[in-house]
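Visitor: Build me a model:
(chains A and B)
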Amino acid sequence: MQIELIHRPGNTAAKIQLDQGESCTAESGAMIAMSGNMDITTTTHKKQSGGLLKAVKRMMAGESLFLNHFEPKAGAGEVWLGATLAGDMMTYDLDQESLIVQSGSFLACESSVEVDLGWQGFKSFLSGESVFWLNLRGSGNVLLNSFGAIYPVEVNGEYIVDTGHIVAFNESLDFSLTKVGGSWLKSFLGGEGIVCKFKGRGTVWCQSHNPTSFGSAMSSDLKARKV
Amino acid sequence: MKADIKGGAAFGYLDLALEPGESVTTESDAMSSMAAELDMEPKVNGSLVSAFFRKFLGGETFFVSRFSNNTQETKRLTLVQPTPGEIRCVDLNQGSICLQPGAFLAATDGVTLGLKWAGLASFIGREGLFKLEVSGTGKLWYGAYGALLEREVDGELIVDTSHLVAYDPSMKLKVQLAGGIFSSFFGGEGLVTRVEGKGKVVIQSRSISGLTGWVNPKLY
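Guide: Numbers count the residues shown, from 1 in each chain, chains lettered A, B, ... in the order given. Down below sits the predicted model:
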């Protein structure tokens, strides 16, 4: 499986080339175009494994209940994927390890990678991120998307990332919720509120922009939703 | 202080490397990520009275944040605006510049944020009743929604409402119809802002009200 990212970072699309016998798993609704010989199977679980329980868990993580599996019949084929929000994408090669991904950032992975729900504890309720995280485990390529540009931060010790800016992080990192500026009052007055503190050694990938902040910049001009 | 604007015109963000003892003042909630050892102190935006007016009439926040590095090593701080767009840096040298509400991102010490009455015209043009006048000596970073276009004006320039980002303090703003009554309301331009005087004007290529105007009919 080969992934090529084009039109970065503003309007990124991913071109995935699959050889015969290869298949990839993508978030439902992510496909923009594909070769005619591509076979799509939609399941609630990883191909040949897992079950409905995992799918329900995934749905709770804000992902779709369904995953699409793309597999070319007779020869090679290609799939183009796009994300809902404008922004960059990144690939990561898993090597018998796991990567924790903010659930909205998952786009696709090789079928050898296990997509599971990562539970980061009750702190997630307060973090402004979705409550559940995806745990991508195994070996193979992973494709993630973001709102805005992606920048990696090598953490060795402690590093603070504002909620809403996390894309993914290594399993070796431990995160906790904390405040900035030494007191909760300062943190809230400074507009930062609750932030995430990463501890340990590893990489955290951040997205430059925060979808919630952009949403609230628009919200005063948006009309109320009809019930 | 090493400062890099990254992410291009589409998704600009500001990467700062704060040397020991250095500090920077930023818009509230501008921090995207930072070294855990940096200190943050919320500060009232100017005097209490001007901060109050700025919040309720100028569209700015009551507090700004001041990040300082009280360690012995260089520490990283990443700042960003809520809207995706370009970020620019201005070297103020006893100079000043007027910013529209929300455009301010960060400034080094020596730069002060002041508030000035912008007039009813500015309010009608959806640019806020007060304007933010930034003056002093130091670096100022500001940004907007979309790319930034710069124009040297000598005379007048007509800018669609809510596209104005920054302009020279000596310049005056007026609100008027884009054309006649018919073309103003049916041509989709409505009101425009006329900037008069001599100096530099910075415009943003997109506007939030343009986006929400497009989204609104699609909501159900």
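Visitor: And the helices in the chain?
Guide: I'll assume chain A. For chain A, the helices defined by DSSP state H cover A:52-60, A:123-126, A:184-189, A:211-219.
Visitor: My question was about chain B, not that one.
Guide: Along chain B, counting by DSSP H, helices occupy B:48-56, B:120-124, B:181-186, B:208-215.
Visitor: okay, which residue is most central for the chain?
Guide: As the question left the chain open, I've gone with chain A. Centroid-nearest residue in chain A: residue A:105, 2.1 Å away (criterion: Cα atoms, centre = their mean).
Visitor: That was the other one, I meant chain B.
Guide: The structure's chain B has its C-alpha centroid closest to residue B:103; by Cα atoms, centre = their mean the separation is 1.3 Å.
Visitor: mind listing what that residue touches?
Guide: Residue B:103 makes contact with B:132, B:142, B:143, B:144, B:165, B:166, according to Cβ atoms under 8 Å, 6 or more residues apart in numbering or on different chains. C-beta: built from backbone N, CA, C; applies to glycine.
Visitor: what's the least confident stretch among the helices of chain A?
Guide: The weakest mean pLDDT among the helices of chain A belongs to helix A:123-126, with a mean of 54.
Visitor: What's the local residue count around residue B:4?
Guide: Neighbours of residue B:4 under the rule other Cβ atoms under 10 Å in any protein chain shown: 12.
Visitor: Contact partners for the residue lying closest to it once chain neighbours are set aside?
Guide: Of all residues not flanking residue B:4 in the chain, residue B:15 sits nearest, at 4.5 Å (Cβ to Cβ, 6 or more residues apart in numbering or on different chains). With contact set as Cβ under 8 Å, 6+ apart, residue B:15 has these partners: A:151, B:3, B:4, B:5, B:6, B:76, B:77, B:78.
Visitor: shaky segments in the chain?
Guide: Assuming you mean chain A. A:44-66, A:117-132, A:190-191, A:225-227 (pLDDT under 70).
Visitor: Sorry, I should have been clearer: chain B.
Guide: Across chain B, the ranges flagged by pLDDT under 70 are B:45-61, B:118-119, B:121-130, B:177-190.
Visitor: Go again with 50.
Guide: Applying pLDDT under 50 to chain B flags no residue at all.
Visitor: re earlier: could you check how far the residue nearest to the centre of chain A is from chain B?
Guide: In this view, residue A:105 and chain B are 15 Å apart by Cβ to the nearest Cβ, to the nearest Å.
Visitor: I'd assumed residue B:71 was in contact with residue B:37.
Guide: Yes: in this structure, residue B:37 is within contact of residue B:71 by Cβ atoms under 8 Å, at 5.0 Å.
Visitor: picking up where we left off before, among the contacts of residue B:15, which one sits closest to residue B:33?
Guide: residue B:78 (4.8 Å; Cβ to Cβ).
Visitor: how deep is the closest one tucked in, by neighbour count?
Guide: Residue B:78 has 23 nearby residues by other Cβ under 10 Å.
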